[in-house]
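Novice: Any chance you could fold what I've pasted below:
(chains A, B, C and D)
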Amino acid sequence: MAVIHDMMPAFELFQPASLDDALGLLDRHGADAWVMAGGLDSFDWLKDRIRKPAVVVELGAIEGLRGVKASGDGIEIGAMTTLTEVVTNPLVREKFGVLFQGAEAAASPQIRNQGTIGGNLSQDARCWYYRAGWSCYRAGGNVCYADTPTAVNREHAIFGADRCVAVNPSDTAPAMIALDAKMVIRSSKGERIVDAQDYFVGPGTDITRLTTLQPGELLTAIRIPGTWAGAEFYTEKVADRKVWDFPLVNIASAMKVNGSTIERARIVVNAVAAQPMRLEAVEQFVAGKPRNEETANAAGELAVRGAVPLAHNAYKIPLMRNLVKRAIRGGDNGWASTS
Amino acid sequence: MSDMDMGHTAPETPRGGASRRDFIKGVIAAGAAVSTSAYLFRTSIAGQPATGAGERLISITVNGQVRRVDVLKQETLAMTLRYKLGLTGTKLGCDRAECGACTVLVDDVPHYACSMLTHTLRNRKVQTIEGLAAPDGTLHPVQQGVVSEQGFQCAFCMPGFVMATVGFLKTNPNPTRQELAHGVSGNLCRCQDYDKILTALMKGAELSRGA
Amino acid sequence: MANDYKYIGKNYTTPDLVAKVTGKAKYAEDYRAEGMLFVKLLLSPMPHARVRNVDASAALAMPGVKGILRASDFPAPPAPPTPPGGQAPPPPPLPPETALTDEPVYQGEPILAVAAVDETTAAEAIELIKVDYEPLPFAVDPLDSLRPGGANARAQGNVYTGAGPTLKVANVKWTDADFAEAREGRLPMGEAPDTFVLGDIEEGFKKADLILDETLYSQSTGHQPLETRTAMAYWQGGKLFLHGSTQSVAQTVPNIARMVGLKVDEVVLISEFTGGGFGSKIPGSHSMAIPALMSKKLNGVPVMMRITREEEHYIGRARAGIFGRAKVGFRKDGRIVAMDFFTIQDNGPYNPQGDHRSAGAMASLQFQPETFRWRGISVLTNTPPRTSQRSPGGMQMNALLDPIMAKAARKLGVDHVELLKVNAPAGKAPYGPIVPATKKQAYVTQANVREALEQGKALFGWEEKKATAGQKRGTKVRGIGVAVGPYTAGSIGFDGLAIVRPDGKVQVQTGIGNLGTESVIDCQRVYAEVLDTPWENFEVVWGNTAKGLPWTCVSAGSQTVHAMTRAAHAAATDLKTKMQEVAAKMRGGSPASYKVSNGKVGPLTFAEVAKKAIELGGKYDGHEGPEDINAFTKSALKVVAGQGLIGVAKDNYKRDGNTHSFVAGFAEVEVDTETGAWHIVDYTAVADVGTVLHPRNLNGQTFGGSMLGIGHAVSQRWVYDKQYGVCLARRFHHNKPPSIMEIPHTVKIAATDIPDPETPVGARGIGEPPVGAGCGAVAAALVNALGDEAFRRYPMTPDLLLTSIDSKSLQHDALTAHI
Amino acid sequence: MGIDFLTRGITPWGQSVFTHISWDLLWVSFFAGVVFLAAHSVYMLLSAHSKRASADVDALEAKLKGLPEKIQRHSLPARLFHWIMAAAMLTLLFTSFLPIVGVKFAWVEWHWMAGLVLAASILYHIIHATFFMDFWSIWVGPKDIPELKSEIMRELGGDTSGPKAAKYPLGNRLYHMAIVVTGIGASATGLFMMKKVQTPFFTRDPYILADTTWSWMYVAHGAAGVALVGLTMAHIYFAIRPEKLWLTKSMLFGFITRRQYLEHHDPTRWRVPGSEPVGGRPSE
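Specialist: Numbering: from 1, shown residues only, chains lettered A, B, ... in the order given. From the prediction side, this is the model:
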């Protein structure tokens, strides 16, 4: 059968107006159903004709899934809230700057206007071998085309490669983990709440998906507790282009500093493994240490311990090391005249 | 400008003794009758479910007019605009939400028309490049800025850039050059004439504030 | 240098702009016709294969499927014409490229096309087609093909040798000993069939105070015009009507005629707006023949073939990547006494590319080395076809050599601008190989490179920036660089055609493509200048060959401004002369006594003269024309004859030397040493392009061209998987053309504005030279910021720079293509 | 409704290849095992017992002087091999099939490590059996037809003078045969597959074999693995069946008693050192 791209196959479209309707549809159609939020990841799969779902359940009409609202000393963000709404929300800007910056760094203005926070967190791996539609491990096959003697794997994993070396590409996931967010997951069987950290899974656990979401489940909201509100945040995304690009490595951290001493910190790095990596060993190491170059350097070295580079991504080791260093020490702007 | 009229004539008799000029069906100007031909999609597909979750005939507001269109479930707004409504000013550069040539405003917010299902736009307001100038032909300030500064080269990206700018200026009417660049950074120009584009769009912002 | 032109050199609004900004401008995909069918392509999944069998029965049985087109439906290409009394040219060494093929030589090459009532049906039909392929050996990396036992991209061999009548395809394998250097990270230099030598480089190197020997790799990169090469076609009255996307309107017609098997006057091409080309659509595209022939097969019904972005990657052309190694000998003052330049060109699977040869010629022009040797080998690969991309070879020359110049400047303690100045071409500077006929090198019409460098140095603030260059503040280090992009910038001998209409307007006919450079309009300002008449009196007709367009140069290679201002000048002069003659016939006296100015010929209006010309007929209304004009123009003349007073002439102006333009580019970069991320702080370019025709467009072209080159430095990629020979970087977010966020923070563009003495208006082209200048300047600035061990391949993405910074050595691989 | 026994995938060249067997076959194997177990249990309730009548055993015991009280059936190395292999096999089965049935965990490292243990133990066993054991005692061949006949007769309740089991009963040997095929099939293909995962031993390289070769290798590995589910179930079942416990014990402690030996074996076909010949060859 010849392969052809760029024309979406026909599907039945459902636009449920309530969450219950949506969950009912997912139950009814099972594996035939495809969930579409902002659609920006979905369209790639559909237009490439790699996935041909019989049914698409589009969530845009469910009003209850949108918006940012205060919840205690934290906030709750509906999963269908657009990245632009997250970025422009005063509560997010004021209290959770790390999320604001993460969301602002994602994709392009138009995509942020349409793409949802839930979608950004739950997007699929961007490995170009996987996305080509070949039967790699992640696609249910038994090859990793990205880790071969001739593979081009600059963007791939340095940690946790279990057959598949794809990475999580999300710009907002590290911020959510740094903020200790809770992910609210609904299915027709009820609700479960998982820590942001546990929302993401590695290939060892499940090689065909990046999150813990099971068929029939929907991420409905993200609850960010007030724990880290107003903490010292650091985010940085290093990419080839300053817009419409996925991170080579990105970092998000939250830190409580007392005078010159680091009380506690949460540090998360993405695009180095199939799941965003919370650096708990580093967090423990820096807690109670003075915030200085020496602590930062040691933290950087500790962060990259155990990294296994592929043919073209050894740079991720110093990059991750330096980003962790900066998260502790703070960035360095250098030239004042830089706009 | 003598050449600009070419192809702008209204739809006329197809084939059969007609001149070539008659034969070419022109752009259906905004506001003209809806084309009934389904250029890109079959109107009935064998195997397509007979009863769907919603009507295929939907109403969307395009450039201030309510349009009834027969839209397939998998049809994107860009395809509906270009192939059903004849609004070919919205360009397809990549069809993958990467170049911005198809940028239109949906409820005043810039979106990639290639990456929205038309069915999600029921009862929403779509504005395209064709709906920007006043009915008497007076250009929108951003368009005027482009003309004044000879912005853009091949201009295939131009409608998208202009729509992105119009949308961005609604949220930030007085941007710095850097802010405007960030605002239109979802649009790609392969002539790479970005500096002159920014000059032209800044001019457009200035004219918008004066308007 | 100021000139006293009234229209030339002044800003104005081109008449196509309003249509563009209102969405009314129609590109090929914007045309509709009743009953229009849609075509989809079946692409080869393999980089090299033979189609053994195609079973399309299930597809053809689908309702709505109207037809299939195979390679066998194409007419055999006509044998090239034998010159009178001469010998028939030898057959090409490889079967020429066709729009469809049964022996695909790159992944993504179209095998067949299906027409259906809509695209959904066509796509579903394609999926039902079973193609049985026999995989054949393939090579996607030139070095792999040169290795002992390496695969050949084509059955006939792996390397092009010679040029013109001596062009051959040979089987060249280097030895293991040749490849020993590769282990040290240096480019192996085995047998190279192409070479030219100027002087004795061994003697030259003896005079050198500093010798550098560097390997660099410049990637292949797609042209990626934003408009893909979509085309729509139908037949009526035995003629083919084709809506296509092309850089050159007039010159595309014979090309289509040949592909489809028609006579030139049986083709009508409509291409009023083209969404960019950059060299990839010079004479249209092979793929234009697909809707044309499909329509013919289906009794002339309109057929639209929408080319998708991914398809554009495959069939849309790319720049030839070049592995380069240069050994350069410098005297203490920076003068280059010897240069030994070795290039391995990734030719792609089809036509021989001249990039590496141009790189050699441009190196000899740009640096005027006392002694010089260029060697090159052009290797066939099973990757998408290459063609000229803005500054073909010139850009690669800058990319490969300017980092060496930056390094030399620092090592010698010579200012980089001074180093370029001491080596700069000046006046009628020689370049390229010795021409057998004259036993001398060819030379340029005029080079004012030192002037451009001086002007740019001041504008950029080189001296002030020099103070902080190489300094680190915090984690960030800055550097400055300069480069000069040279390139050919003008051809001669084309035709101009214009009509003074009875309504008094002057209607200029042009076969220039409207691809965004606006030369299609800008060149016609010469008419206003020669007739001394306001621009508002002029209308330009372009983009539709049914309207009678003259023979025009290809809109490529920076030719147009030079070639077509000359043709315009010739036709405008013809108009002026004829108007004066007609006026004299009407009112007596000598023609010369009638001053043509402000829409009048002496006391007569243009309208009166035009009406009289129609009355007079003959040469005055175009029923007779000069003998020396091109046959294409003669046909055009037939279309417009009788419509008014006709000016038509061939450019017969003399020219001493070959026209070249130059751009001096200056860049300041800032690199974050902890992340490898970097950006361009300042960029300045000064164009030496003769007379400035339209300042705003010149600035746009200069900056746009610079950015195109800078794109090669900052982000643009082209990635192939070697095992399967298939493309990995299929999407913009993979191959990364620069966004508006990658532009320099401040930009200054200027021109020397020194008229070229060898052309009437003094104007030369600008398309190519800024590309190399932008790339070279930025690369040089990175070397300046980071030191000798900064990078060895393009683009210099954060990963490469960080690896070098972190390891303090060049760890990355410069000897593998397409990663 | 047709069942797809093989799951298809697509190569970078758009060619269809098998990626593995359908995991539905896991359930087929599992249920086949269950059905066999159930059927066998029911049958065992109804069938006659096949061991030698105790009078005959008494006679034999009297006849064969010098038979030790405990007769070694499995040497210590053989038993070690068996249990190591059993542990490896169970690890392999659980690490491969638990994720398929929905218990998700990082199984690959455990799987290939267990696979290495299994492969090493198989290799050891081959060498050990070849040079230190009665190599042919475990194989099945045409010469076993009389034993098969008489076993069937006995199972049907008849008495027959046909041969009884040598050291390994026929069923045991048939099972060994099946394990040899599936076990070696799974471990040999598995060893190749280690080139496809990150291990300390190899650099990953899926290109050592062609796409289609790999596809058959995965099918073979999957088929062997799935078959091993049923076979393992059967094995465990027999091991815990009351009338077979004497054998299970022997795999733990190494010996059987003299009476067990005489009840179940044909002393002419399994000569125990120290026992005197009974005279005559076993009936052919």
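Novice: where do the helices sit along the chain?
Specialist: All of this refers to chain A. A:19-29, A:40-47, A:83-88, A:90-95, A:97-104, A:109-114, A:117-122, A:173-178, A:196-199, A:280-286, A:293-303, A:316-329 (DSSP state H).
Novice: that's the other chain; I wanted chain D
Specialist: D:24-46, D:54-63, D:76-100, D:108-132, D:145-155, D:170-193, D:211-240, D:245-253, D:258-264.
Novice: Highest mean neighbour count out of the ones you listed?
Specialist: helix D:258-264 (a mean of 22; mean count of other C-beta atoms under 10 Å in any protein chain shown). Placement of C-beta: from N, CA and C, glycine included.
Novice: sorry, back to before: of all the helices of chain D, which lies closest to chain C?
Specialist: Judged by C-beta to the nearest C-beta, the one of these that comes nearest to chain C is helix D:211-240, at 9.5 Å.
Novice: So which other helices or strands are in contact with the closest one?
Specialist: Secondary-structure packing of helix D:211-240 (3 or more C-beta pairs under 8 Å, 6 or more residues apart in numbering or on different chains; DSSP states H and E): strand D:16-21, helix D:24-46, helix D:76-100, helix D:170-193, helix D:245-253.
Novice: could I get those as CSV with mean pLDDT and distance to A:E104?
Specialist: Output for the helices and strands packed on helix D:211-240, formatted as CSV (pLDDT from 0 to 100; distance: least, C-beta to C-beta, whole Å):
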stretch, mean pLDDT, distance to A:E104
strand D:16-21, 90, 41
helix D:24-46, 87, 47
helix D:76-100, 91, 38
helix D:170-193, 89, 44
helix D:245-253, 84, 67
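Novice: can you tell which of the ones you listed is closest to A:D198?
Specialist: For A:D198, the closest of the helices and strands packed on helix D:211-240 is helix D:76-100, at 18.0 Å, according to C-beta to C-beta.
Novice: In chain C, which residue is most central in space?
Specialist: The centroid of chain C falls nearest to C:G279 when counting by C-alpha atoms, centre = their mean (3.3 Å).
Novice: Neighbours of the residue lying closest to it once chain neighbours are set aside, how many?
Specialist: For C:G279, ignoring the flanking residues on the chain, the nearest one in space by C-beta to C-beta, 6 or more residues apart in numbering or on different chains is C:S388 at 4.0 Å. C:S388 has 23 neighbours, counted by other C-beta atoms under 10 Å in any protein chain shown.
Novice: Assess the claim that C:S388 and C:I282 are in contact.
Specialist: Yes. Contact criterion C-beta atoms under 8 Å: C:S388 and C:I282 qualify, at 6.8 Å.
Novice: State the phi and psi torsions of C:I336.
Specialist: Main-chain dihedrals, C:I336, degrees, to the nearest 10: phi -90, psi 120.
Novice: which stretch of helix or strand covers the residue nearest to it when sequence neighbours are not counted?
Specialist: Sequence neighbours aside, C:P369 is the residue nearest to C:I336 in space, at 4.3 Å (criterion: C-beta to C-beta, 6+ apart). If you go by DSSP states H and E, C:P369 is not part of any helix or strand.
Novice: Report how many residues lie close to C:P369.
Specialist: When counting by other C-beta under 10 Å, one arrives at 24 neighbours for C:P369.
Novice: shared neighbours of C:S388 and C:I282, which are they?
Specialist: Common neighbours of C:S388 and C:I282 (criterion: C-beta atoms under 8 Å, 6 or more residues apart in numbering or on different chains): C:A556.
Novice: okay, which residue is most central for chain B?
Specialist: Taking C-alpha atoms, centre = their mean as the criterion, B:T90 is the residue nearest the geometric centre of chain B, at 3.0 Å.
Novice: check which helix or strand covers that one.
Specialist: Using DSSP H and E, B:T90 is not contained in any helix or strand.
Novice: what bridges to the nearest residue to A:E217 once chain neighbours are set aside?
Specialist: Take A:E217 and drop its neighbours on the chain: the residue closest to it by C-beta to C-beta, 6+ apart is A:S187, 4.4 Å away. Counting by DSSP bridges, A:S187 is bridged to A:G190.
Novice: Let me see the contact set for whatever residue of chain A ends up closest to chain B.
Specialist: Nearest residue of chain A to chain B (C-beta to the nearest C-beta) works out as A:S108 at 3.1 Å. Contacts for A:S108 (C-beta under 8 Å, 6+ apart) come out as A:243-244, B:97, B:100, B:185-186.
Novice: at 7 Å what do you get?
Specialist: The contact partners of A:S108, by C-beta atoms under 7 Å, 6 or more residues apart in numbering or on different chains, come to A:243-244, B:185-186.
Novice: For the closest residue in space to C:I805 that isn't next to it in sequence, give me the pLDDT.
Specialist: The shortest distance from C:I805 to any non-neighbouring residue, by C-beta to C-beta, 6+ apart, is to C:T673 (5.2 Å). Predicted confidence (pLDDT) for C:T673: 95.
Novice: any idea how far C:L128 is from C:T673?
Specialist: In this view, C:T673 and C:L128 are 56 Å apart by C-beta to C-beta, to the nearest Å.
Novice: Comparing these two, which shows the higher neighbour count?
Specialist: For the pair C:T673 and C:L128, the greater number of neighbours falls to C:T673 (21 against 18), based on other C-beta under 10 Å.
Novice: got the contact list for the residue of chain B at minimum distance from chain A?
Specialist: Nearest residue of chain B to chain A (C-beta to the nearest C-beta) works out as B:G186 at 3.1 Å. Contacts for B:G186 (C-beta under 7 Å, 6+ apart) come out as A:108-111, A:243-244, B:100, B:164.
Novice: Turn the residues you listed into TSV, columns for pLDDT and distance to C:G599.
Specialist: As requested, those are exported to TSV (pLDDT from 0 to 100; distance: C-beta to C-beta, whole Å):
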residue	pLDDT	distance to C:G599
A:S108	98	50
A:P109	98	49
A:Q110	98	48
A:I111	98	53
A:V243	97	50
A:W244	97	51
B:G100	98	43
B:A164	98	42
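Novice: just those now: which is nearest chain D?
Specialist: Nearest member of the contacts of B:G186 to chain D, counting by C-beta to the nearest C-beta, is A:W244, at 25.8 Å.
Novice: residue contacts, that closest one?
Specialist: A:107-108, B:98, B:186, C:733, C:739.
Novice: show me where pLDDT drops low in chain C?
Specialist: C:1-3, C:80-81, C:83-84 (pLDDT under 70).
Novice: just the strands in chain B please.
Specialist: Ranges of strands within chain B are B:57-62, B:65-70, B:103-106, B:109-112, B:125-127, based on DSSP state E.
Novice: How about stretch C:108-123 and chain D, any contact?
Specialist: No. Stretch C:108-123 lies out of reach of chain D by C-beta under 7 Å from any C-beta of the partner chain, never closer than 11.5 Å.
Novice: Straight-line length of that stretch, end to end?
Specialist: Stretch C:108-123 has its terminal residues 15 Å apart, counting by C-alpha to C-alpha, to the nearest Å.
Novice: what about that stretch and chain B, any contact?
Specialist: Yes. Using C-beta under 7 Å from any C-beta, we find that stretch C:108-123 touches chain B at C:117-121.
Novice: Just the buried subset of those, written out for ChimeraX, thanks.
Specialist: Those of the residues of stretch C:108-123 next to chain B that count as buried under 16 or more other C-beta atoms under 10 Å in any protein chain shown are selected in ChimeraX with:
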select /C:117,118,119,120,121
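Novice: Which members of the residues of stretch C:108-123 next to chain B occur in strands, if any?
Specialist: Per DSSP E, the subset of the residues of stretch C:108-123 next to chain B in strands is empty.
Novice: Mind putting the residues of stretch C:108-123 next to chain B into a markdown table with distance to A:A22?
Specialist: Output for these, formatted as a markdown table (distance: C-beta to C-beta, whole Å):
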| residue | distance to A:A22 |
| --- | --- |
| C:V117 | 35 |
| C:D118 | 31 |
| C:E119 | 31 |
| C:T120 | 27 |
| C:T121 | 32 |
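Novice: Which one of the residues of stretch C:108-123 next to chain B is nearest to C:G238?
Specialist: Among the residues of stretch C:108-123 next to chain B, C:V117 lies closest to C:G238 (C-beta to C-beta), at 25.7 Å.
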